[in-house]
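Novice: The sequence isn't on hand, but the structure is:
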(Lines give C-alpha, C1' and ligand atoms only; values in the text may rest on other atoms or scores of the structure.)
Protein backbone atom coordinates (compact mmCIF):
# COMPACT_ATOMS: atom_id res chain seq x y z
CA UNK A 1 0.00 0.00 0.00
CA UNK A 2 1.47 3.33 -0.99
CA UNK A 3 2.22 5.98 1.54
CA UNK A 4 -0.10 8.99 1.54
CA UNK A 5 1.22 12.08 3.21
CA UNK A 6 -1.28 13.35 5.70
CA UNK A 7 -3.10 16.49 4.70
CA UNK A 8 -1.81 19.52 6.49
CA UNK A 9 -4.24 20.99 8.95
CA UNK A 10 -5.90 24.16 7.85
CA UNK A 11 -4.27 27.16 9.50
CA UNK A 12 -6.31 28.57 12.35
CA UNK A 13 -8.55 31.35 11.21
CA UNK A 14 -8.65 34.62 13.02
CA UNK A 15 -12.07 35.62 14.29
CA UNK A 16 -13.66 38.26 12.16
CA UNK A 17 -13.28 41.75 13.56
CA UNK A 18 -16.42 43.02 15.19
CA UNK A 19 -18.13 45.68 13.11
CA UNK A 20 -17.59 49.22 14.34
CA UNK A 21 -20.36 50.36 16.63
CA UNK A 22 -22.30 53.46 15.62
CA UNK A 23 -20.98 56.81 16.79
CA UNK A 24 -22.94 59.23 18.94
CA UNK A 25 -22.32 62.75 17.67
CA UNK A 26 -23.11 64.85 20.72
CA UNK A 27 -22.77 68.26 19.10
CA UNK A 28 -24.71 68.97 15.92
CA UNK A 29 -26.42 72.26 15.14
CA UNK A 30 -29.49 72.74 12.99
CA UNK A 31 -30.98 76.04 11.95
CA UNK A 32 -33.33 77.77 9.56
CA UNK A 33 -31.55 80.89 8.35
CA UNK A 34 -34.95 82.53 7.97
CA UNK A 35 -35.31 82.46 11.77
CA UNK A 36 -32.71 85.18 12.34
CA UNK A 37 -33.33 85.64 16.07
CA UNK A 38 -30.36 84.05 17.81
CA UNK A 39 -28.31 83.65 14.64
CA UNK A 40 -26.69 87.08 14.65
CA UNK A 41 -23.29 85.43 14.99
CA UNK A 42 -23.62 84.25 11.37
CA UNK A 43 -22.63 87.07 9.03
CA UNK A 44 -24.98 87.50 6.10
CA UNK A 45 -22.06 87.28 3.68
CA UNK A 46 -20.71 84.04 5.17
CA UNK A 47 -20.75 81.81 2.11
CA UNK A 48 -20.52 78.60 4.15
CA UNK A 49 -22.90 79.13 7.06
CA UNK A 50 -25.42 81.74 5.90
CA UNK A 51 -27.95 79.14 4.75
CA UNK A 52 -30.27 76.65 6.41
CA UNK A 53 -28.97 73.37 7.81
CA UNK A 54 -31.79 70.95 8.48
CA UNK A 55 -32.17 67.20 9.18
CA UNK A 56 -32.47 66.51 5.44
CA UNK A 57 -28.97 67.97 5.01
CA UNK A 58 -27.42 66.19 7.96
CA UNK A 59 -29.05 62.76 7.85
CA UNK A 60 -27.16 61.45 4.77
CA UNK A 61 -23.85 62.63 6.25
CA UNK A 62 -24.56 60.82 9.51
CA UNK A 63 -25.35 57.59 7.66
CA UNK A 64 -22.23 57.83 5.52
CA UNK A 65 -19.98 58.34 8.57
CA UNK A 66 -21.32 55.69 10.91
CA UNK A 67 -23.21 58.08 13.16
CA UNK A 68 -26.16 56.27 14.71
CA UNK A 69 -27.35 58.81 17.25
CA UNK A 70 -27.17 62.58 17.57
CA UNK A 71 -27.56 65.19 20.27
CA UNK A 72 -28.66 68.45 18.68
CA UNK A 73 -27.37 71.57 20.41
CA UNK A 74 -29.26 74.79 19.81
CA UNK A 75 -27.19 77.20 17.74
CA UNK A 76 -28.40 80.50 19.24
CA UNK A 77 -30.06 81.91 22.33
CA UNK A 78 -33.62 82.36 21.05
CA UNK A 79 -36.02 80.95 23.65
CA UNK A 80 -38.49 79.99 20.92
CA UNK A 81 -35.85 77.84 19.24
CA UNK A 82 -35.82 75.39 22.15
CA UNK A 83 -39.15 74.07 20.91
CA UNK A 84 -38.18 74.51 17.26
CA UNK A 85 -35.24 72.12 17.67
CA UNK A 86 -37.55 69.52 19.20
CA UNK A 87 -40.11 69.95 16.45
CA UNK A 88 -37.70 69.90 13.50
CA UNK A 89 -36.18 66.59 14.67
CA UNK A 90 -39.41 64.89 15.80
CA UNK A 91 -39.81 62.90 12.59
CA UNK A 92 -36.53 61.04 13.18
CA UNK A 93 -36.28 60.35 16.88
CA UNK A 94 -34.14 57.25 16.34
CA UNK A 95 -31.33 59.42 15.01
CA UNK A 96 -31.95 62.68 16.85
CA UNK A 97 -32.19 61.20 20.33
CA UNK A 98 -31.54 64.30 22.37
CA UNK A 99 -31.95 68.06 22.14
CA UNK A 100 -29.96 70.57 24.17
CA UNK A 101 -31.80 73.87 24.10
CA UNK A 102 -30.59 77.25 25.27
CA UNK A 103 -31.99 79.00 28.34
CA UNK A 104 -29.31 81.67 28.72
CA UNK A 105 -31.90 84.44 28.63
CA UNK A 106 -34.29 82.72 31.05
CA UNK A 107 -32.20 81.23 33.85
CA UNK A 108 -32.41 83.27 37.03
CA UNK A 109 -35.62 84.97 35.87
CA UNK A 110 -39.34 84.30 36.29
CA UNK A 111 -39.46 82.90 32.75
CA UNK A 112 -37.31 79.90 33.57
CA UNK A 113 -39.52 77.50 35.53
CA UNK A 114 -42.63 77.44 33.31
CA UNK A 115 -40.56 77.25 30.12
CA UNK A 116 -38.21 74.56 31.45
CA UNK A 117 -41.06 72.41 32.77
CA UNK A 118 -42.93 72.69 29.47
CA UNK A 119 -39.87 71.66 27.47
CA UNK A 120 -39.22 68.72 29.79
CA UNK A 121 -42.55 67.23 28.79
CA UNK A 122 -40.57 65.92 25.81
CA UNK A 123 -38.15 63.28 27.04
CA UNK A 124 -35.76 64.18 24.23
CA UNK A 125 -35.17 67.56 25.86
CA UNK A 126 -32.04 66.42 27.69
CA UNK A 127 -30.88 69.80 28.93
CA UNK A 128 -29.93 73.29 27.91
CA UNK A 129 -26.91 75.35 27.06
CA UNK A 130 -25.68 78.47 28.80
CA UNK A 131 -23.80 80.45 26.18
CA UNK A 132 -24.51 84.02 27.13
CA UNK A 133 -24.50 85.69 30.52
CA UNK A 134 -27.21 88.21 31.36
CA UNK A 135 -26.52 88.67 35.09
CA UNK A 136 -23.33 90.04 36.61
CA UNK A 137 -23.25 87.49 39.43
CA UNK A 138 -24.41 83.92 39.93
CA UNK A 139 -27.56 84.67 41.90
CA UNK A 140 -29.56 82.56 44.34
CA UNK A 141 -32.29 82.21 41.71
CA UNK A 142 -29.68 81.06 39.20
CA UNK A 143 -28.59 78.25 41.53
CA UNK A 144 -32.18 77.34 42.40
CA UNK A 145 -32.84 76.83 38.71
CA UNK A 146 -29.74 74.68 38.37
CA UNK A 147 -30.91 72.56 41.32
CA UNK A 148 -34.30 72.16 39.63
CA UNK A 149 -32.46 71.08 36.48
CA UNK A 150 -30.57 68.41 38.42
CA UNK A 151 -33.73 67.11 40.09
CA UNK A 152 -35.36 66.83 36.66
CA UNK A 153 -32.45 64.70 35.44
CA UNK A 154 -31.43 67.29 32.85
CA UNK A 155 -27.96 68.54 32.00
CA UNK A 156 -26.14 71.81 31.32
CA UNK A 157 -23.78 72.52 28.43
CA UNK A 158 -21.47 75.46 29.15
CA UNK A 159 -20.03 77.52 26.32
CA UNK A 160 -17.36 79.49 28.10
CA UNK A 161 -16.19 82.96 27.18
CA UNK A 162 -14.14 85.66 28.86
CA UNK A 163 -17.15 87.99 28.78
CA UNK A 164 -19.60 85.29 29.88
CA UNK A 165 -19.22 82.14 31.95
CA UNK A 166 -15.65 81.23 32.84
CA UNK A 167 -13.83 78.12 34.02
CA UNK A 168 -14.05 79.53 37.53
CA UNK A 169 -17.84 79.81 37.15
CA UNK A 170 -18.00 76.22 35.88
CA UNK A 171 -16.13 75.05 38.96
CA UNK A 172 -18.44 77.01 41.26
CA UNK A 173 -21.55 75.65 39.56
CA UNK A 174 -20.26 72.09 39.88
CA UNK A 175 -19.38 72.64 43.54
CA UNK A 176 -22.68 74.26 44.50
CA UNK A 177 -24.85 71.76 42.60
CA UNK A 178 -22.94 68.46 42.80
CA UNK A 179 -25.83 66.40 41.41
CA UNK A 180 -25.96 68.48 38.25
CA UNK A 181 -24.17 67.04 35.21
CA UNK A 182 -22.20 69.81 33.48
CA UNK A 183 -20.25 69.55 30.24
CA UNK A 184 -17.70 72.02 28.89
CA UNK A 185 -18.32 72.53 25.19
CA UNK A 186 -15.31 72.59 22.87
CA UNK A 187 -12.60 71.89 25.47
CA UNK A 188 -13.78 74.88 27.48
CA UNK A 189 -13.78 76.98 24.30
CA UNK A 190 -10.00 77.22 24.30
CA UNK A 191 -8.35 79.13 21.47
CA UNK A 192 -5.65 77.19 19.64
CA UNK A 193 -2.64 78.74 17.95
CA UNK A 194 0.82 77.52 17.01
CA UNK A 195 1.99 78.49 20.49
CA UNK A 196 1.83 76.25 23.61
CA UNK A 197 -1.37 76.30 25.67
CA UNK A 198 -1.47 79.11 28.22
CA UNK A 199 -0.26 77.73 31.59
CA UNK A 200 -2.88 79.70 33.50
CA UNK A 201 -5.66 78.29 31.37
CA UNK A 202 -4.24 74.77 31.70
CA UNK A 203 -4.26 75.09 35.50
CA UNK A 204 -7.86 76.34 35.58
CA UNK A 205 -9.00 73.65 33.13
CA UNK A 206 -7.33 70.94 35.22
CA UNK A 207 -8.91 72.27 38.43
CA UNK A 208 -12.42 72.13 36.97
CA UNK A 209 -11.80 68.57 35.82
CA UNK A 210 -11.36 67.51 39.45
CA UNK A 211 -15.13 67.92 39.90
CA UNK A 212 -16.61 64.48 39.14
CA UNK A 213 -19.86 65.93 37.77
CA UNK A 214 -18.04 67.89 35.06
CA UNK A 215 -17.46 66.36 31.62
CA UNK A 216 -15.58 67.74 28.63
CA UNK A 217 -16.80 67.71 25.05
CA UNK A 218 -14.10 66.80 22.55
CA UNK A 219 -15.73 68.95 19.93
CA UNK A 220 -15.11 71.76 17.45
CA UNK A 221 -11.41 71.07 17.11
CA UNK A 222 -11.27 72.95 13.82
CA UNK A 223 -13.31 75.79 15.24
CA UNK A 224 -10.95 76.33 18.14
CA UNK A 225 -8.16 77.49 15.86
CA UNK A 226 -7.66 81.24 15.63
CA UNK A 227 -6.28 81.23 12.07
CA UNK A 228 -8.76 79.75 9.61
CA UNK A 229 -8.86 77.53 7.68
CA UNK A 230 -7.57 75.33 10.46
CA UNK A 231 -4.88 72.67 10.11
CA UNK A 232 -6.20 69.20 9.37
CA UNK A 233 -3.24 67.25 10.79
CA UNK A 234 -3.99 65.45 14.09
CA UNK A 235 -0.55 66.47 15.36
CA UNK A 236 -1.65 70.10 15.67
CA UNK A 237 -4.42 69.11 18.11
CA UNK A 238 -2.44 66.59 20.14
CA UNK A 239 -1.53 68.97 23.02
CA UNK A 240 -5.13 69.88 23.85
CA UNK A 241 -6.34 66.31 23.34
CA UNK A 242 -3.56 64.95 25.56
CA UNK A 243 -4.47 67.49 28.23
CA UNK A 244 -8.18 66.61 28.08
CA UNK A 245 -7.45 62.89 28.39
CA UNK A 246 -5.09 63.48 31.32
CA UNK A 247 -7.54 65.77 33.12
CA UNK A 248 -10.89 64.07 32.49
CA UNK A 249 -9.91 60.50 31.70
CA UNK A 250 -11.64 58.29 29.18
CA UNK A 251 -14.90 58.21 31.17
CA UNK A 252 -15.75 61.93 31.00
CA UNK A 253 -14.87 62.85 27.45
CA UNK A 254 -17.64 63.05 24.84
CA UNK A 255 -17.21 63.40 21.09
CA UNK A 256 -19.00 66.08 19.09
CA UNK A 257 -18.43 67.24 15.50
CA UNK A 258 -19.80 70.80 15.77
CA UNK A 259 -21.35 70.35 12.33
CA UNK A 260 -22.10 72.45 10.33
CA UNK A 261 -19.80 75.08 11.86
CA UNK A 262 -17.01 72.61 11.11
CA UNK A 263 -17.76 73.03 7.41
CA UNK A 264 -15.79 76.29 7.51
CA UNK A 265 -12.64 74.13 7.49
CA UNK A 266 -13.51 70.64 6.29
CA UNK A 267 -16.39 68.28 5.65
CA UNK A 268 -18.22 66.05 8.13
CA UNK A 269 -16.05 63.01 7.39
CA UNK A 270 -12.91 64.98 8.21
CA UNK A 271 -14.34 66.29 11.49
CA UNK A 272 -15.27 62.77 12.62
CA UNK A 273 -12.09 61.25 11.26
CA UNK A 274 -9.78 63.73 12.99
CA UNK A 275 -10.98 62.69 16.44
CA UNK A 276 -11.13 59.01 15.51
CA UNK A 277 -7.50 59.00 14.41
CA UNK A 278 -6.37 60.37 17.74
CA UNK A 279 -8.44 58.07 19.94
CA UNK A 280 -7.63 54.97 17.90
CA UNK A 281 -4.28 54.93 19.70
CA UNK A 282 -6.09 54.80 23.07
CA UNK A 283 -7.63 51.39 22.36
CA UNK A 284 -11.06 50.11 21.38
CA UNK A 285 -12.56 50.36 24.87
CA UNK A 286 -11.58 54.02 25.29
CA UNK A 287 -12.82 54.89 21.80
CA UNK A 288 -16.16 53.23 22.49
CA UNK A 289 -16.57 55.38 25.58
CA UNK A 290 -15.64 58.66 23.91
CA UNK A 291 -17.64 58.04 20.74
CA UNK A 292 -20.69 56.29 22.21
CA UNK A 293 -21.06 55.29 25.85
CA UNK A 294 -20.13 58.54 27.56
CA UNK A 295 -22.66 60.58 25.59
CA UNK A 296 -25.38 58.08 26.49
CA UNK A 297 -24.37 58.22 30.16
CA UNK A 298 -24.19 62.00 30.31
CA UNK A 299 -27.35 62.84 28.37
CA UNK A 300 -29.40 59.79 29.37
CA UNK A 301 -30.08 58.64 25.81
CA UNK A 302 -30.11 55.09 24.49
CA UNK A 303 -26.83 53.86 23.02
CA UNK A 304 -26.99 52.97 19.31
CA UNK A 305 -25.86 49.37 18.89
CA UNK A 306 -26.03 48.90 15.14
CA UNK A 307 -29.16 46.73 15.30
CA UNK A 308 -31.73 49.47 15.02
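Specialist: Received, thanks. For clarity, every value in this text was computed on a predicted model and none was experimentally measured.
Novice: alpha carbons only for contacts and neighbour counts from here, please
Specialist: Noted.
Novice: biggest helix in this structure by residues?
Specialist: As assigned by DSSP state H, the longest helix anywhere in the chain is helix 234-248.
Novice: in the protein, which spans are strands?
Specialist: Secondary structure of the chain (DSSP state E): strands located at 23-28, 67-73, 96-102, 125-130, 155-158, 181-184, 214-219, 253-256.
Novice: With distance to residue 82 as new columns, can the ones you listed be given to me in CSV?
Specialist: Formatted as CSV, those follow (distance: least, Cα to Cα, whole Å):
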stretch, distance to residue 82
strand 23-28, 14
strand 67-73, 9
strand 96-102, 5
strand 125-130, 9
strand 155-158, 14
strand 181-184, 18
strand 214-219, 21
strand 253-256, 19
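Novice: Residue 296: which of those is closest?
Specialist: strand 23-28 (8.0 Å; Cα to Cα).
Novice: Taking their axis directions, that closest one and strand 214-219 sit at what angle?
Specialist: Strand 23-28 and strand 214-219 are oriented at 90 degrees to each other (axes from the mean of the first three to the mean of the last three Cα atoms, to 10 degrees).
Novice: from the middle of its chain, how far away would strand 23-28 be?
Specialist: 6 Å (Cα atoms, centre = their mean, to the nearest Å).
Novice: Show me what that strand is packed up against.
Specialist: strand 67-73, strand 253-256 (3 or more Cα pairs under 8 Å, 6 or more residues apart in numbering; DSSP states H and E).
Novice: what does the average pLDDT come to for the first one?
Specialist: When you say that, I think you mean strand 67-73. Strand 67-73 comes out with an average pLDDT of 98.
Novice: re the thing from before, what residues does the longest helix of the chain touch?
Specialist: Under the criterion Cα atoms under 8 Å, 6 or more residues apart in numbering, residues 187, 194, 197, 206, 209-210, 215-216, 218, 221, 253, 274-275, 277-278 lie in contact with helix 234-248.
Novice: Could you do stretch 172-181 as well?
Specialist: 143, 146-147, 149-150, 154-156, 182, 211, 213-215, 298.
Novice: Of those residues, grab the buried ones for PyMOL.
Specialist: The PyMOL command for the buried members of these (criterion: 16 or more other Cα atoms under 10 Å) is given here:
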select buried, resi 143+146+147+149+150+154+155+156+182+211+213+214+215+298
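Novice: Can you tell me which of the contacts of stretch 172-181 is nearest residue 47?
Specialist: residue 156 (31.3 Å).
Novice: Specify the beta-bridge partners of that closest one.
Specialist: Beta-bridge partners for residue 156, by DSSP bridges, are residue 128, residue 182.
Novice: who are the neighbours in contact with it?
Specialist: 127-130, 180-183.
Novice: Just name the shakiest helix or strand of the protein by mean pLDDT.
Specialist: helix 268-280 (a mean of 94; mean pLDDT, DSSP states H and E).
Novice: which helices and strands does it pack with?
Specialist: When contacts are defined as 3+ Cα pairs under 8 Å, 6+ apart, helix 268-280 packs onto helix 234-248, helix 284-288.
Novice: Same list, the ones you listed, but as CSV with mean pLDDT please.
Specialist: Output for the helices and strands packed on helix 268-280, formatted as CSV (pLDDT from 0 to 100):
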stretch, mean pLDDT
helix 234-248, 97
helix 284-288, 97
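Novice: which one of the ones you listed lies closest to residue 116?
Specialist: helix 234-248 (29.3 Å).
Novice: Just the buried positions in the closest one, please.
Specialist: 234, 236-237, 240-241, 243-245, 247-248.
Novice: Helix 268-280 and that helix, what's the angle between them?
Specialist: Helix 234-248 and helix 268-280 are oriented at 60 degrees to each other (the same axes, to 10 degrees).
Novice: which two in the contacts of stretch 172-181 are spaced the farthest apart?
Specialist: Going by Cα to Cα, the pair spanning the contacts of stretch 172-181 furthest: 143 and 298, at 20.2 Å.
Novice: Right, I'll call it a day here.
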